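>>> test case, fold it:
(chains A and B)
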There are 2 protein chains.
Amino acid sequence: MTKKYVYDFLEGNKDMRNLLGGKGANLAEMTNLGLSVPPGFTITTEACNRYYDKNEKLWEELLNEVREHIKTTEEKLNKKFSDTENPLLFSVRSGAVISMPGMMDTILNLGLNDESVIGLANSTGNERFAFDSYRRFIQMFSDVAMEIPKVHFDTALDNMKEDRKAELDTDLTAEDLKQLVSEYKEIYKEETGHDFPQDPIVQLEHSIEAVFKSWNNPRAKVYRKLNGIDDSLGTAVNVQSMVFGNMGENSGTGVAFSRNPATGENKLFGEYLMNAQGEDVVAGIRTPHEIIALHEEMPEVYDEFLATAEKLENHYKDMQDLEFTIEKGKLYILQTRNGKRTTQAALNIAVDLVEEGLISKEEALLRIEPLSLNQLLHHTFDEKQLQSAELITKGLAASPGAASGKMYFHAHDAVEAAKNGEKVILVRQETSPEDIEGMVTAEGILTARGGMTSHAAVVARGMGKCCVAGASDIVVDEISKVMRTSKYVLHEGDYISLNGSDGSIYHGEIKKVEPTLSGNFEKFMSWADEIRDMGIRTNADTPRDAKQALAFGAEGIGLTRTEHMFFDENRIPIVREMILSKTLEQRQKALEELRPMQEKDFYEIYKVMGEKSVTTRLLDPPLHEFLPTKKEDIEALAKKMNLTFDEVNDTVNDLKEVNPMLGHRGCRLAVTYPEIYRMQARAIITAALKLKQEGINVTPEIMIPLIGDLKELKYVKAEIVEEINSVFEEFNSNVEYKIGTMIEVPRAALLADEIAKEADFFSFGTNDMTQMTFGFSRDDAGKFLTDYEEKKIYPRSPFEEIDVDGVGKLLEIATEGGRKTNPDIHLGICGEHGGDPKSIEFCYSTGLDYVSCSPYRVPIARLTAAQAKVKKDRNIK
Amino acid sequence: MTKKYVYDFLEGNKDMRNLLGGKGANLAEMTNLGLSVPPGFTITTEACNRYYDKNEKLWEELLNEVREHIKTTEEKLNKKFSDTENPLLFSVRSGAVISMPGMMDTILNLGLNDESVIGLANSTGNERFAFDSYRRFIQMFSDVAMEIPKVHFDTALDNMKEDRKAELDTDLTAEDLKQLVSEYKEIYKEETGHDFPQDPIVQLEHSIEAVFKSWNNPRAKVYRKLNGIDDSLGTAVNVQSMVFGNMGENSGTGVAFSRNPATGENKLFGEYLMNAQGEDVVAGIRTPHEIIALHEEMPEVYDEFLATAEKLENHYKDMQDLEFTIEKGKLYILQTRNGKRTTQAALNIAVDLVEEGLISKEEALLRIEPLSLNQLLHHTFDEKQLQSAELITKGLAASPGAASGKMYFHAHDAVEAAKNGEKVILVRQETSPEDIEGMVTAEGILTARGGMTSHAAVVARGMGKCCVAGASDIVVDEISKVMRTSKYVLHEGDYISLNGSDGSIYHGEIKKVEPTLSGNFEKFMSWADEIRDMGIRTNADTPRDAKQALAFGAEGIGLTRTEHMFFDENRIPIVREMILSKTLEQRQKALEELRPMQEKDFYEIYKVMGEKSVTTRLLDPPLHEFLPTKKEDIEALAKKMNLTFDEVNDTVNDLKEVNPMLGHRGCRLAVTYPEIYRMQARAIITAALKLKQEGINVTPEIMIPLIGDLKELKYVKAEIVEEINSVFEEFNSNVEYKIGTMIEVPRAALLADEIAKEADFFSFGTNDMTQMTFGFSRDDAGKFLTDYEEKKIYPRSPFEEIDVDGVGKLLEIATEGGRKTNPDIHLGICGEHGGDPKSIEFCYSTGLDYVSCSPYRVPIARLTAAQAKVKKDRNIK
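Numbers count the residues shown, from 1 in each chain, chains lettered A, B, ... in the order given. Sure thing, here's the model as predicted:
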């Protein structure tokens, strides 16, 4: 038996996407639902593949099958293909499995030739319509199937209009159009060397081949590569009998959604035009009517359409995006598909569908792309203003949101300007902890350097603040306070706008739209919480962040970075004194001054979090980050501390490191200066003891960063435990506490089985682990990672999406090793990956107990975790 | 049956070290060989352990056993312990399994008291001798067993001498000494509150306890910790009957080696003094005679001693270090052990012993500590001058050898000074590739920063040049050209001396001794080559290095770093032009200028190496390393290149990285600028083709650094292969070649099974792998690694000795993965660990095909590889 390559719409269904393409499968489904779909047939994706296997030639058996199906269609409609009396005409459309730009556009009116055009004129009683259809067909066929530049036809049309003094196409008469047809055929002959094909079968063959060829045109190939779509999928070809919305005042055409795609409201939403074809609705010359008007104009058609939309929605269990045509009072449905919608609408629709009993909660959860929740949580730009905005360049979409303001290049200038009531954008080469105040003050942050996990990006996400990072096309001259690109030179005080959701940087100010959270959001998220079985914590360094995270549903804090607390302007002098100490006594004196401040920090965070888990990471960054680098700042510090410039400068230089990322930081500081961690441990435990007196039972989780060896952990832990025991003695009271480690150094992952013996918990610091596993500095990799992304070596930055093969392998080794020697060990992740959906799914599959992410990512993480559970239960990959 | 805790010398042998300690086992062995050893017995290490188990008290059964053995000894010698007529006296010495500083010193003459001293006077007919012995015993016992400060006794002795106007001790009369004994006993009573014990058994008990206690004194404990010696080994106690070399002119004492310990010459070597005790030989008041003089003085004794030495050497199959005493014409052997010797001597002795048929070649190979070969390959300081040299401080022993010269703080100053004939030491905060010329010129290199694998250390080892790195006590002020420590301020032009073998930095100039390689060296190394089954290659960047390595026995080059070739003063301007290029065309033009130079480099290295393997690593360091950083240099470059200062400066700043180690370098450069590697590949292949025309068949091995992913390797490899194929076409000829990768990024090790599919070989870059696996920057870790070493977290820097647990695990994963998917893959190591014996042993156990190290390490690696094979065959851990 020969293989079947062509399917009548009656022969297919919606589950045959792979064979019939998305469009073909839906046309078949609707046909079988008994809807009024113009008859036709689909040539399969297998035919496309065979076409490529067989030297790119159509083969006889295929054409025979096509002819068979033409015949069937003729019989159904009682018309003849390209007949001179009552001609059957076809549209030809591509239909890939996954919709894809670059594929062939539609060819309408196929079958028209010098004779059938007369037949069409006769059968419709409208000669002008017939020749207009013929002219359009020649143009479309030439453009789409034969690649003749459109401009030739446009010029001929324009010349004709000028000659006839016609303003609109519709001002041309049937005679004018007849002449245009002749001219078009001339153009065709000049460009191809052949006459325009009069044989409708030849027209169809060319069109089918054109669809097949468009599968491998450069644009489609690039798109597939970019989106990881398999080259072997192939495209189907849909051949469908024509219906006409432009056959008079009882004809028309339109598009509609079964619900409102902007709000989700359960009400038909769309527009239509009478006596028009689809392209007229799009062209915008006549203003379409709202769909509700059809209720007045053609009540029966409207009711049928409404019923159809409902039927399709119930059938597909999702909001539908429909195309329809009315030909002489009869409704035809040309297309249906799941409609695109805003996140707000998607959420409302999903919740409504559950409440209408159409889908389950699990299904609803799967319907929302977790990252799209960002649209609900952050400012966006006004769509209208955005269209006319002047794009300067793009950077990395480091932290979502929209922001406009005056540029300032230094944190203190930004702070000053903000005090004067200005809206400020902080623009830096890259930010450092010294810039925190300026970042807090600014509407948004722009950096020229640094990637998705650079300081600016991490801190901005933590604050829920808009940030565009690593905009490598701009030069930031902080000294002259100028930002340059090849085209722009902008100065301090000039307005710019940032879209942190896509990385765009605009010149000038753009109006913003406030985010709104509907009641459905709470409901939807509560379903996520019901279903998920992985914990969601947050990274929060301040009571404010902690409150925000709680509001977003965080169940605890997975990471409090104590160093951010050190940069407060009241504290930094003491921190510097501590660093500049030459003796243990001096250092302890400074630490003793810091202690009550740290204790207050922890007390306040614990107070906000109640008895929820709070993991506090002890001091992590290299000490030089706390020292000033500018000459005048060093001078001021020296003066203040009664030291010489040289003394301070020597220390600054001595602490400088070639690769600070791999330097004297984390627990290494505690190996050299155990008194620092002792002070922090004392502050943490004292805070917990004070809360205990207030009846709140906190179980502090103390986390030691950058551990690489069991002996190192033992040494540091012993110091901490000794300090804690003396606090217990002094208070004559105690609290439960846990001591765990970050697992971020590759060696720690490799030796996790050893390290777990002394750790109550592991928290995977996948930022640093990614840096060390790849050998990529996150501050520097931005420059070359774009090349890696372009060349598809790493399609997505490993700082955004966890590298399952490398870093993931270490996570698995560590998880397995850790649980082997310490079955009670609690495992989580606190790197930036904790807020990335794909990475969260990986964490879930690895069996982590929780993920921790910045407050604004908490809802995203909750939803992703729920989806991961549903997918696991349903065995969806 | 009760356990036996005491062994007569007749009851033991040399293999009972663990029970009897080293000294006791040897005394027993000699006794059983029939040598003239004063009788005695050994209290076992088990007794020591039991002493600690039983509340640190001697127990009755033990003392009974001791008494038994005293009796046996009395019977053998026909004397009575502490007799008033002819007293038997004992020496008491500690005897650990492994000789250890901090253990108890000797107590001589035990058994003397107010009565037996008379007996000794009678039996020897020498009252002065008897009281002198008594005085010495009281002092030793008080000091060693009772911890009474020596100074009391010394003061008493000095006062007596002053009073008697005696210059030497020997000027004191018997009467004087009698009085001194009274005074000593007074001191004893004052200090302890008890009378000096008259009961000899009590004396012995105290002494035995003192030995046991010394096992756990702080110095011994620290030493054991430092050297990883098990605390549970315990020490034995040797109790031996006294013989006296100071009983007149037919008595004497001496020490001798069975061969010359400085040269290895097979001739008795040592010295003796007549009428003297051991301490007199050491004290240096009288000049001892060379041992040969004994031949004249007491021919029979000499002959007996010579025969004894020979017998012991044949028995122990190694050069012996002997102590002897002659008492009234009779020879006694008091100790034998394998003698310490210079490397030169060790080598000659080992070779001689093989040729004398005493030991096998394998045994000879095991006798030489591989690192000790450094003594043969490098300059050393004159021992005499060294003793009076003024030590400034110590740094890391980064590259062995000895060097003296005037300090210069800048490479160009060093070069100028050397042109004027000065000997120069280059002193830098840390070196960079820009300093190469200065390093070549200098006698030695000193840096304040950086560890064992810092730039200075690596390059210096490569050159075989003396280097002390990371001397953290010194401050190097390059601007003022001053080097400071807390005690010294030294200026440009001042003389210093460096010992690169132990890290010492001396003030002033010290005479040096040339290294000499004897004929035995060649012979010995040829045995190593016969036996070993792992390849030894070298890291060499220049034909000169390559020649040196060949002379040292390298079998190929495992690493040629192409970047070092870029720093030549004729090339650097072109390299900079290449880097500053704004377009591909500009860059290609600059590369085209570099190409013939690179081709010449490779041609010359291949020419030296003949058909031996040469692995060339393509460009590795970040580009900014090639650009100047000083303002005036940037100005000069800008002027030369017709660019503005700002243009050059912007590029310099733009290329600067926060963590250059993890930045845009290695194959990442080739992903961005594939043309760079293409140029290098072309140069390599062209050089090989030219040699082919001369009849030399070179198989270039092209090594791609910093690979982290299979796709990355595929991309870079495809570019290289395309270039190679066009060279083949142009020449209409071809050569075999291999393309492999460094495995240094942890991710590469984890995914080695994938990467191996496209790699002909792997070379483990364990320097970078250590950096990334630990998260330690080798340039910065020096500062805190000392804390880690002190606190025993990492007893030895992982940059010196490969970290078996972490980095080693990655090596094993990579080796296993690589061989699984590519059984033919060739595996080697080219990190600095390739020259470290412990690391080489690990590489061998992991199954690598070769190690590659700097030329001066090649002999060390050859020997280590041979030893590893022997150990494996003999199952020695």
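>>> give me the buried positions along stretch A:629-647.
Going by neighbour count (16 or more other CB atoms under 10 Å in any protein chain shown), the buried part of stretch A:629-647 is A:634, A:637, A:638, A:643. C-betas here are computed from N, CA, C, even on glycine.
>>> so of those, which ones are in helices?
A:634, A:637, A:638 (DSSP state H).
>>> need the residues you listed in JSON lines (columns: pLDDT and distance to chain B).
Output for these, formatted as JSON lines (pLDDT from 0 to 100; distance: CB to the nearest CB, whole Å):
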{"residue": "A:634", "pLDDT": "88", "distance to chain B": "16"}
{"residue": "A:637", "pLDDT": "85", "distance to chain B": "20"}
{"residue": "A:638", "pLDDT": "87", "distance to chain B": "18"}
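>>> okay, now the unreliable bits of chain A?
Within chain A, the segments meeting pLDDT under 70 span A:1, A:102, A:226, A:281-285, A:453.
>>> which helices and strands does the top helix by length along it pack with?
When chain A is parsed with DSSP H, its longest helix is helix A:584-609. Under the contact definition 3 or more CB pairs under 8 Å, 6 or more residues apart in numbering or on different chains; DSSP states H and E, helix A:584-609 sits against helix A:543-551, strand A:556-561, helix A:572-580, strand A:613-617, helix A:674-693.
>>> residue A:66: which of the buried residues of stretch A:629-647 is nearest?
residue A:634 (82.4 Å; CB to CB).
>>> tell me which residue is most central in chain A.
Residue closest to the average C-alpha location in chain A (CA atoms, centre = their mean): residue A:371, at 5.8 Å.
>>> can you tell me which residues contact that residue?
By CB atoms under 8 Å, 6 or more residues apart in numbering or on different chains, the contact list for residue A:371 reads A:837, A:860.
>>> against residue A:801, how distant is it?
11 Å (CB to CB, to the nearest Å).
>>> got the helices and strands packed on helix A:584-609 as a markdown table, with distance to residue B:455 and mean neighbour count columns?
Output for the helices and strands packed on helix A:584-609, formatted as a markdown table (distance: least, CB to CB, whole Å; neighbours: other CB atoms under 10 Å in any protein chain shown):
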| stretch | distance to residue B:455 | mean neighbour count |
| --- | --- | --- |
| helix A:543-551 | 43 | 20 |
| strand A:556-561 | 34 | 26 |
| helix A:572-580 | 28 | 20 |
| strand A:613-617 | 33 | 25 |
| helix A:674-693 | 31 | 22 |
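>>> which among those is found nearest to chain B?
helix A:674-693 (9.8 Å; CB to the nearest CB).
>>> then that closest one to CSV, C-alphas only?
Provided in CSV are the C-alpha atoms of helix A:674-693 (Å, rounded to 0.1, in the frame of the first residue of the first chain):
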residue,chain,number,x,y,z
PRO,A,674,37.9,34.0,63.8
GLU,A,675,36.8,36.9,66.0
ILE,A,676,34.7,38.3,63.1
TYR,A,677,32.4,35.3,62.9
ARG,A,678,32.3,35.0,66.7
MET,A,679,30.9,38.5,66.9
GLN,A,680,28.3,37.7,64.3
ALA,A,681,27.4,34.4,65.9
ARG,A,682,27.0,36.2,69.2
ALA,A,683,24.8,38.9,67.7
ILE,A,684,22.6,36.2,66.1
ILE,A,685,22.2,34.2,69.2
THR,A,686,21.6,37.2,71.5
ALA,A,687,18.9,38.4,69.2
ALA,A,688,17.2,35.0,69.3
LEU,A,689,17.5,34.9,73.1
LYS,A,690,15.8,38.3,73.4
LEU,A,691,13.0,37.1,71.2
LYS,A,692,12.6,34.0,73.3
GLN,A,693,12.0,36.3,76.3
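>>> can you tell me the strand partners of the helix or strand that it is followed by and which way each runs?
Later in the chain than helix A:674-693, the nearest helix or strand by DSSP states H and E is strand A:701-704. If you go by DSSP bridges, strand A:701-704 pairs up with strand A:613-617 (parallel), strand A:738-743 (parallel).
>>> what does strand A:701-704 rub up against?
Against strand A:701-704 from outside (CB under 8 Å, 6+ apart): A:559, A:613-618, A:666-667, A:670, A:677, A:681, A:684, A:713, A:716-717, A:720, A:737-742, A:760-761, A:763.
>>> ok, now which ones touch residue A:457?
A:396, A:398, A:399, A:450, A:451, A:467, A:469, A:832.
>>> in what helix or strand does it lie?
Per DSSP H and E: helix A:455-463 holds residue A:457.
>>> partner strands of the following helix or strand past that helix and their direction?
Using DSSP H and E, the helix or strand that follows helix A:455-463 towards the C-terminus is strand A:466-469. When pairing is defined by DSSP bridges, strand A:466-469 lines up against strand A:396-399 (antiparallel), strand A:444-447 (parallel).
>>> immediately after strand A:466-469, which helix or strand?
From strand A:466-469, the next helix or strand downstream (DSSP H and E) is strand A:475-477.
>>> pull the number of nearby residues for the residue of the stretch 1-150 of chain A found nearest chain B.
Relative to chain B, the nearest point of the stretch 1-150 of chain A is residue A:98 (23.2 Å; CB to the nearest CB). Close neighbours of residue A:98, defined as other CB atoms under 10 Å in any protein chain shown, add up to 13.
>>> quick check: closest non-adjacent residue to it.
In this structure, residue A:98 finds its nearest non-sequential neighbour in residue A:229, 5.8 Å apart by CB to CB, 6 or more residues apart in numbering or on different chains.
>>> contacting residues for the one you found?
Taking CB under 8 Å, 6+ apart, we find residue A:229 in contact with A:98, A:100, A:223.
>>> does it sit in a helix, a strand or a coil?
When classified by DSSP: H, G, I helix; E, B strand; the rest coil, residue A:229 comes out as coil.
>>> next, it: phi, psi?
phi -90, psi 130 (degrees, to the nearest 10).
>>> what about it, distance to residue A:105?
19 Å.
>>> swap in residue A:773?
46 Å.
>>> more neighbours, these two?
Taking other CB under 10 Å, residue A:773 and residue A:105 do not tie; residue A:773 has more neighbours (29 against 14).
>>> and residue A:609, what is it in contact with?
A:546, A:550, A:556, A:557.
>>> from the chain's centroid, how far away is stretch A:289-298?
37 Å (CA atoms, centre = their mean, to the nearest Å).
>>> ok, and what's touching it?
For stretch A:289-298, using CB under 8 Å, 6+ apart, the contacting residues are A:250, A:254, A:256, A:268-274, A:301-302, A:305, A:326, A:329.
>>> ok, now with 10 Å
A:249-250, A:252, A:254-257, A:267-274, A:301-306, A:309, A:324, A:326, A:329, A:331 (CB atoms under 10 Å, 6 or more residues apart in numbering or on different chains).
>>> just give the nearest non-adjacent residue to whichever residue of the stretch 351-500 of chain A sits closest to chain B, would you?
Nearest residue of the stretch 351-500 of chain A to chain B (CB to the nearest CB) works out as residue A:475 at 7.1 Å. Excluding the flanking residues, the one nearest residue A:475 by CB to CB, 6+ apart is residue A:484, at 4.4 Å.
>>> how many residues are close by residue A:2?
Residue A:2 has 8 nearby residues by other CB under 10 Å.
>>> same check on residue A:785?
Residue A:785, neighbours per other CB under 10 Å, totals 27.
>>> burial count for the closest residue in space to it that isn't next to it in sequence?
The shortest distance from residue A:785 to any non-neighbouring residue, by CB to CB, 6+ apart, is to residue A:797 (5.2 Å). For residue A:797, the neighbour count with other CB under 10 Å is 21.
>>> using the three-state scheme, assign residue A:797.
coil.
>>> same check, this time on residue A:803
coil.
>>> ok, back up a step: report the angle between the helix holding residue A:457 and strand A:556-561.
Counting by axes from the mean of the first three to the mean of the last three CA atoms, to 10 degrees, helix A:455-463 lies at 150 degrees to strand A:556-561.
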